[in-house]
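Peer 1: Here is a sequence with its predicted model. Questions after.
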Amino acid sequence: GNSVTQMEGPVTLSEEAFLTINCTYTATGYPSLFWYVQYPGEGLQLLLKATKADDKGSNKGFEATYRKETTSFHLEKGSVQVSDSAVYFCALSDRTDSWGKLQFGAGTQVVVTP
Amino acid sequence: GAGVSQSPSNKVTEKGKDVELRCDPISGHTALYWYRQSLGQGLEFLIYFQGNSAPDKSGLPSDRFSAERTGGSVSTLTIQRTQQEDSAVYLCASSFTGHTEAFFGQGTRLTVV
């Protein structure tokens, strides 16, 4: 079956530091890949997505590239802010499924200190 | 409202009682999803509705769990004879169609005591 593995947290870093959260997946076929973010006290929000190999998703300074050869979708941001403190979830949707039927990773908590 | 609305936001119930959780999707969204978020299991898919029918119920953990959707809008997730392991945050999401972004509600935190 499909699965998503992401690095465990919490990840603690200082403002303006570089952030990487690793995500790898196992899937049959070619899934669509997503990063969702959950800010404290809020619901899950779609951060970015990529639907085919070599696609790069980007939003709010975050980027992730769909790498079929390494089955990865690592999230990066060049300079984090305190407001980026949240839990980040990597997820996939099977090609034949709707984008709302998602297999999530365990989530990575990110804490950014001033 | 503009977003997915879930009620109640918190529910404490005694073991063995039945509970109903409600989801109001974004107006016009035909697809609706229920998820469960718990410490031990992370985020788990429960059920998917397209309109009023549920083509995928594969994530419902037992026959104590059921869901319905009426009028292509509001959905109710019912848990019968609640157990302590049912304690979790239940999330609802909706999307305009199958291959568009899913928007999540803030969830219902269920505590079974």
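Peer 2: Great, that's in hand.
Peer 1: what's around residue 74, how many residues?
Peer 2: By default, I'm working from chain A. Close neighbours of residue A:74, defined as other CB atoms under 10 Å in any protein chain shown, add up to 18. C-betas here are computed from N, CA, C, even on glycine.
Peer 1: nope, chain B please
Peer 2: Neighbour tally, residue B:74, other CB under 10 Å: 14.
Peer 1: same thing with residue B:62?
Peer 2: Count around residue B:62 with other CB under 10 Å applied: 11.
Peer 1: In contact with residue A:10, which residues?
Peer 2: A:108, A:109, A:110, A:111 (CB atoms under 8 Å, 6 or more residues apart in numbering or on different chains).
Peer 1: where's the residue nearest to the spatial centre of chain B relative to residue A:28, distance?
Peer 2: Nearest to the mean C-alpha position of chain B, counting by CA atoms, centre = their mean, stands residue B:34 at 3.6 Å. Residue B:34 is 24 Å from residue A:28, where distance means CB to CB, to the nearest Å.
Peer 1: Identify the residues contacting the nearest residue to the residue nearest to the centre of chain B once chain neighbours are set aside.
Peer 2: Spatially, and ignoring its direct neighbours in sequence, residue B:34 is nearest to residue B:46 (4.2 Å; CB to CB, 6 or more residues apart in numbering or on different chains). Taking CB under 8 Å, 6+ apart as the criterion, residue B:46 is in contact with B:33, B:34, B:35, B:36, B:59, B:60, B:61, B:65, B:67, B:77, B:90.
Peer 1: Enumerate the beta-bridge partners assigned to the second one.
Peer 2: In this structure, residue B:34 bridges to residue B:47, residue B:92 when assessed by DSSP bridges.
Peer 1: residues touching the residue nearest to the spatial centre of chain A, list them.
Peer 2: Closest to where the C-alpha atoms of chain A average out (CA atoms, centre = their mean) is residue A:35, at 3.3 Å. Residue A:35 sits next to A:23, A:46-49, A:57, A:62, A:64, A:73, A:75, A:88-91 when contact means CB under 8 Å, 6+ apart.
Peer 1: The same query, at a cut-off of 7 Å, please.
Peer 2: Applying CB atoms under 7 Å, 6 or more residues apart in numbering or on different chains, we find residue A:35 in contact with A:47, A:48, A:64, A:75, A:88, A:90.
Peer 1: repeat for residue B:43
Peer 2: So residue B:43 contacts A:89, A:104, B:35, B:37 (CB under 7 Å, 6+ apart).
Peer 1: With residue A:109 instead?
Peer 2: A:9, A:10, A:87.
Peer 1: now do 10 Å
Peer 2: Residue A:109 makes contact with A:8, A:9, A:10, A:11, A:12, A:38, A:85, A:86, A:87, A:88 under the criterion CB atoms under 10 Å, 6 or more residues apart in numbering or on different chains.
Peer 1: ok, of these, which one's closest to residue B:107?
Peer 2: residue A:38 (9.9 Å; CB to CB).
Peer 1: For that closest one, give the beta-bridge partners.
Peer 2: residue A:44, residue A:87.
Peer 1: Check whether it really touches residue B:37, as I assumed.
Peer 2: Yes: shown here, residue A:38 and residue B:37 form a contact pair, counting by CB atoms under 10 Å, at 9.1 Å.
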